[in-house]
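*Asks:* Need a 3D model of the following:
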Amino acid sequence: MEVLRSHKALLFDREKNLLAFPVSVYEGKGNVSGPGGMPAYGSLTFQGLYAYQLDLAQGFKLKGKISHIDMDDGQEVGKYRYTGRRHIERAIYIGDTLYAISPSLVTAHDLQTLNETGRLDISQAA
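*Replies:* Numbering: from 1, shown residues only. Presented below is the predicted three-dimensional model:
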């Protein structure tokens with residue numbers, strides 16, 4: 001949702017063939033309809049950053065996903081709906097490190113593998 005409100009949430013670098021943006025994924029079960037017959041939003045199943053590798057021949061290829069929310073804990077996921085303190089809002093890179101930024105956490109990731117290389121819990125900083 002963040003990228004719909006701010007163009008700054010979209011990370012694109014042509015030289016690195018990189019496209020990354022925050023995303024919230026909601027999945028519904030069955031054919032559940034909301035008011036007016038519109039499809040229901042469903043439940044939050046992922047919130048974080050999608051990173052794509054761009055290639056002229058192969059197009060967009062999902063390189064990986066980064067999340068600051070522990071999706072294994074279903075009860076906690078509901079608490080972070082829409083404006084959670086661990087919703088990733090931005091991504092930047094410096095050199096070969098990609099940083100995912102949420103209001104309470106910054107994580108560093110290897111730009112090639114997306115493996116986490118460090119983290120800073122901002123909620124603990126005074």
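*Asks:* From here on, just use CA atoms for contacts and neighbour counts.
*Replies:* Noted.
*Asks:* Run through the protein and note the low-pLDDT ranges.
*Replies:* 1, 30-35, 37-41, 71-83, 124-126 (pLDDT under 70).
*Asks:* can you map out the strands along it?
*Replies:* 11-13, 18-27, 43-55, 59-66, 90-94, 97-102, 105-110, 116-121 (DSSP state E).
*Asks:* And the second one, what's buried?
*Replies:* Yep, that's strand 18-27 we're talking about. 18, 19, 20, 21, 22, 23, 24 (16 or more other Cα atoms under 10 Å).
*Asks:* nearest spatial neighbour of the first one, skipping sequence neighbours?
*Replies:* Going back to what we said before, that points to residue 18. residue 53 (5.2 Å; Cα to Cα, 6 or more residues apart in numbering).
*Asks:* thought that neighbour was touching residue 15?
*Replies:* No. Counting by Cα atoms under 8 Å, residue 53 stays clear of residue 15, with 11.1 Å between them.
*Asks:* Settle it for me: which of those two has more neighbours?
*Replies:* Ranked by neighbour count (other Cα atoms under 10 Å), residue 53 and residue 15 place residue 53 first, with 17 against 7.
*Asks:* got the contact list for the more buried one?
*Replies:* Taking Cα atoms under 8 Å, 6 or more residues apart in numbering as the contact definition, residue 53 lies against 17, 18, 19, 60, 61, 62, 63.
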